[in-house]
Every structure is written in C-alpha cells, then in structure tokens.
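In: Quick one, structure for this:
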Amino acid sequence: MIDGFKKQNLINSIKPKTMKTKITALFFVLFAGMLTQTTQAQISEECRTTLSLFSEAAKVKNYAAARPHYEKLTKDCPNASLAIYQYGEKMINSEIDAATGEAQKVKARELIEMLKLREQYFASKTPKGENGADIGQIMYDYKLGSTKEQYDTFDRAWKADRASISSSKRIYTYFKLAVDLYKDGQYELQGIFDLYDDVQDKLSEEGVQLDGKLQKLIEKEDGGQALTAREKRLKNAYETNLKAFGIFAGSVDGTLGSLADCENLIPLYNRGFEENKNNKDWINKAASRMLSKECTDDPLFKKLVEQLHSLNPSADSAKYLMILCAKAGDRACENKYFEEALSLSTGKQKADLLYQKAESTRRAGSYGQARTLYMQVLDLNPSKGICYLRIAAMYAQSANNCGTTTFEKRATYWLAADTAQRAGRVDPRLASNANATAANYRGKAPSRTDVFNSDMAGKSVSLKCWIGRTVQVPNL
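Out: Residues are numbered from 1 along each chain as shown. Predicted coordinates for the structure are as follows:
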C-alpha cells in the first residue's frame, strides 16, 4: 500500500511530465495544421481551378482542351499537384506520336523539360534513377544530343539511383551507348566488360523478382485454384515483361558480340594477369567470361582457375576445375571437384552448379542421372525452364529405345511435348521455342487414326528403360 504522502508525491512527479507530453503533442498538431494551411495558401484559388480543368480534360484524353491549362500550371504553379506531370507526360507522349520530323523533336524536348520539372518540385515522388533513365531514352529515341551526352545522362542516373531503374529497354540502351563510345575510341574495353557484368546483374535481379511473382500465380493455377481477373492481368503483365527481359538480355550479349570473343579476351587477360593475379574478383570474372565464350581450351583459362582456387577455394573455382576435368575426360577428377563445389555453394549458385553437372552428364549419355540433376535444379530454381527442354529432348532421343511396339515408341513424344510445353510456362522467355518444340514432338506422336486403330484412346502407356513414366493417351 502507498500512504497518502507518498501517493501525492508520486502524482506530483508524474503530472509535469504528463502535462509536458500533452503540450508537446498539441504543439505538433497545431504546427502540422499551420503547415498544411500554409501549403494550401501557397496554391491560389486560380491554380486550383486551372488544375481541376486540366485534370478533367486530361482524364478523358481531350488533350487539345488540356494543353492551355497545362501551360498555365507549369508556368504559374508548378508545385500545385503531381497530377500535372502524370497527366502531362501522357499528353506530351500523345503529341509526340502525332508529330513528325523536327516537330517531334520539339515535343520530345518539352517532355524532357517536364520530367526535370517533376523532379524539381516532387523529388520525393520521382525516383532519380528511373526519371534520369527516361530522359536518356527520350534523347536516344529522338536523336537529341551527342552519343556522349546521351550516355552521360544514363550514367548519372545509374550511379545516382541504380535500384529504381527497372526497364530492360533502358538498361540495354545504356550499355549499347557505352559500346558505341568504345567503337569511337571514347571507352576502354575493360570498362565495357565491367559495365556488362553490372548490367547483366541488374537484368537478372529484375527478372528474378518478376519471375517470383509469376511463379506464385502459376502455382495457384497448378493447384486447381482459379485466378481472379486482377491476377490474370498481372500474370499477363509478368509474362510480357519477362519476355522483354529475355529479349534485351540477349540484345546485351549481341551488342557485346565480337568484343568479348576469345581473340580479344585472351590477350586482354594475359596482359592484366600479373597486375591482378591476387585480385580474386578480377580472376573470377575473367575465368567466368572465358567460360561463357568457350575459351577454355586456351592455357590461360587453366592458369586463371588454378590461381583462383589457390587464393580462395570457392564454389566457383571448384566448378571451373570440374569443367577442366570434364574436358580432359577424367570423371573421377570431375566428380571430386563437383562434390567440393557443391559443399561450398548455396541457393542460385548451387542450382547453376547442378545445371552444369547435368549438362555434362547428359552429354555423356547418362540420361536418367541427368534428369535427376535437372530436377534438383528446378527444386532450387523453379523458373529454370531450360531444364524441361533438356529433359524433353532426352525423352525424344530415347523414343526408339524405351518402347516395345511402334505405338509405345511414338507415345514417348506426347511426354516429350508436355515436358517441353512446361518450359514455356515457368519461363515465358522460352515460350516461343518451347511451343515450337512441343508442336514438333506432337507431330511425331501417334495420329488420330493410330489411336483409333489401336483402340488406345484414354488408356495409359508405360514407358520403359530409364524414362519409367506413364503416358495418358489423349482422346483424339
């Protein structure tokens, strides 16, 4: 129990703090209210009326009516609302599409100035990297400024806020401009390779994020649940964007082209080896690029790999040694370094390693073991659709060996077609190739007449040997 004297002291000790807290809170509420009133007061009644007229016209795409209100807003009250720039961008883009020649360039310059105004007055709601890359793309598309000026615009955006640049087209344009500058003698070859790594990493990051979102919807569908209308729209959007990432990632490789062939890589890395022989990142990138361009027969690749492994044994260095062993036909050595690399790797790195091993195993003709490895890759990375294409090809190549009758042998192609089709579902970037491959396999499967004559419609066919799968005969 607290006696009366102590209780009063306790109350007195609390009261000042409580009162102070309440006064402080009241001050902030009043201050926030005054700030809001001040902000609103800065926007005149005339500006609010003009903004309303502009928004109403722009919403229904009546840009002729919206135009004079837009010009007044950007001149007299550019900080009135973000809507000025959101609708303004759509309006000017529409005008660009309708214009030609020099008039189109004039409109493109106006769009750039509008994007700069948006960043000036609504910086917190305008990602610096995305906005800068948009400006760079407009300059590139409409041939505004020199190649160096276009590149510098992208480069500033990239260095200021790389995270917000998510457009595969803009990422590709940035890299292409760098290559154009190299060809003009204004960029170093090593710098091109460094930028290539950075750009491909970014494309991969964005692609993985999109793929993760898409896979959740695919899993929902595969689980028998219907997608909502919104989810269907999102699924279509993710698939479209992933295809774009595939196209532009390929374009980046194509743009690098002969610059990264063995003829250029080998002397470049030979020159830089002594200076960088203790730089793990440099050696790893050099070995990785030589591997990707199939320059592994040159003694330099072995030199890089052994140096990397001596500096810091890692999943990458062990993987490279595994590849050297495989090329030499030394299976014991290959398996040794595969196990070492596997023990050092995690996540995507492990999936890539298993894929490399699956490829080697498939080429050696061990289809059953290769399929197991490809499926392990898919467990770690469900969007690695190429694995399904590889498995489908192995099924097709085994058609004559895994059936007793002609019908059974040809039924293998239904399994191959279904497997190939799945590649396009999990990785929309492969959709075109997957669909064409599946159609080719179905053309080799039993025809409607074959099914009828064999009385097999709706029945099952057990495929033997390493395949060990059952195929349901369709009711053709």
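
In: Pull up the per-residue confidence for Ala57.
Out: Looking at Ala57, its pLDDT stands at 97.

In: Check the one 10 residues further on too.
Out: In this model, Arg67 is scored at 97, pLDDT.

In: Which secondary structure element is home to Lys319?
Out: Taking DSSP states H and E as the definition, one finds Lys319 inside helix 315-327.

In: next one: Leu291
Out: helix 280-292.

In: Tell me which residues of that helix come out buried.
Out: 282-291 (16 or more other CB atoms under 10 Å). The way it works is simple: take the backbone N, C-alpha and C, and place the C-beta from them, glycine included.

In: now, which of those residues sits nearest Ser55?
Out: Lys285 (50.9 Å; CB to CB).

In: Would you agree that closest one is in contact with Asp198?
Out: No. The criterion here is CB atoms under 8 Å, and Lys285 misses it with Asp198 at 11.0 Å.

In: would you list the buried residues of helix 280-292 in TSV and tack on pLDDT?
Out: Listed next are the buried residues of helix 280-292 as TSV, based on pLDDT from 0 to 100:
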residue	pLDDT
Trp282	93
Ile283	94
Asn284	90
Lys285	90
Ala286	93
Ala287	92
Ser288	88
Arg289	89
Met290	90
Leu291	87
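
In: and which of these is nearest to Asn440?
Out: Closest to Asn440, out of all of these and judged by CB to CB, is Leu291, at 30.6 Å.

In: which residues does Cys333 contact?
Out: Listed by CB atoms under 8 Å, 6 or more residues apart in numbering, the contact set of Cys333 reads 321, 325.

In: Could you tell me the angle between the strand or helix carrying it and helix 315-327?
Out: Using DSSP H and E, Cys333 sits in helix 331-344. Interaxial angle, helix 331-344 versus helix 315-327 (axes from the mean of the first three to the mean of the last three CA atoms, to 10 degrees): 160 degrees.

In: Okay, Asn79 and Thr419: tell me how far apart.
Out: 58 Å (CB to CB, to the nearest Å).

In: Over to Thr255?
Out: 33 Å.

In: show me what contacts the spatially closest residue to Tyr367 that is not a sequence neighbour?
Out: In this structure, Tyr367 finds its nearest non-sequential neighbour in Met394, 4.6 Å apart by CB to CB, 6 or more residues apart in numbering. Contact partners of Met394, counting by CB under 8 Å, 6+ apart, are 362, 367, 370-371.

In: quick one: which two of those are the most distant?
Out: Applying CB to CB across the contacts of Met394, the maximum distance is between Arg362 and Arg371, 8.6 Å.

In: which residues of the chain score low on pLDDT?
Out: 1-42, 476 (pLDDT under 70).

In: Go ahead and flag the most central residue of it.
Out: Gly207 (1.9 Å; CA atoms, centre = their mean).

In: list the contacts for that one?
Out: 242, 245-246, 249 are the contacts of Gly207 under CB under 8 Å, 6+ apart.

In: Inside helices: which ones of those?
Out: 242, 245-246, 249 (DSSP state H).

In: so Cys465, which of the three states?
Out: Following DSSP: H, G, I helix; E, B strand; the rest coil, the label given to Cys465 is coil.

In: if I pick it, what's in contact with it?
Out: 398, 401-402.

In: for Lys59, same thing?
Out: The contact partners of Lys59, taken as CB under 8 Å, 6+ apart, are Tyr87.

In: mind listing the helices in the stretch 351-476 of the chain by residue range?
Out: With helices called from DSSP state H, counting those that start in this stretch, the stretch 351-476 of the chain shows them at 367-380, 386-397, 406-426, 431-444, 448-454.

In: got it, and the stretch 101-250 of the chain?
Out: With DSSP H, counting those that start in this stretch as the criterion, the stretch 101-250 of the chain has helices spanning 101-121, 128-141, 147-161, 168-183, 189-222, 229-256.

In: got the contact list for the second one?
Out: So the one you mean is helix 128-141. Residues contacting helix 128-141 (CB under 8 Å, 6+ apart): 108, 111-112, 115-116, 118-119, 144-145, 149-151, 153-154, 156-158, 160-167, 169-171, 173-174, 177.

In: Would you mind checking the residues you listed for buried ones?
Out: Looks like these have 108, 111-112, 115, 118-119, 144, 150-151, 153-154, 156-158, 161, 165-167, 169-171, 173-174, 177 buried, using 16+ other CB under 10 Å.

In: care to break this protein down by domain?
Out: 39-126, 128-258, 385-476 (automatic domain parsing).

In: end to end, how far does the second one reach?
Out: Read that as domain 128-258. End-to-end distance for domain 128-258, by CA to CA, to the nearest Å: 34 Å.

In: quick one: that domain to chain centroid distance?
Out: 8 Å (CA atoms, centre = their mean, to the nearest Å).

In: about what we covered before: which of the buried residues of helix 280-292 lies closest to Leu234?
Out: Leu234 has its nearest neighbour among the buried residues of helix 280-292 in Ser288, at 34.4 Å by CB to CB.
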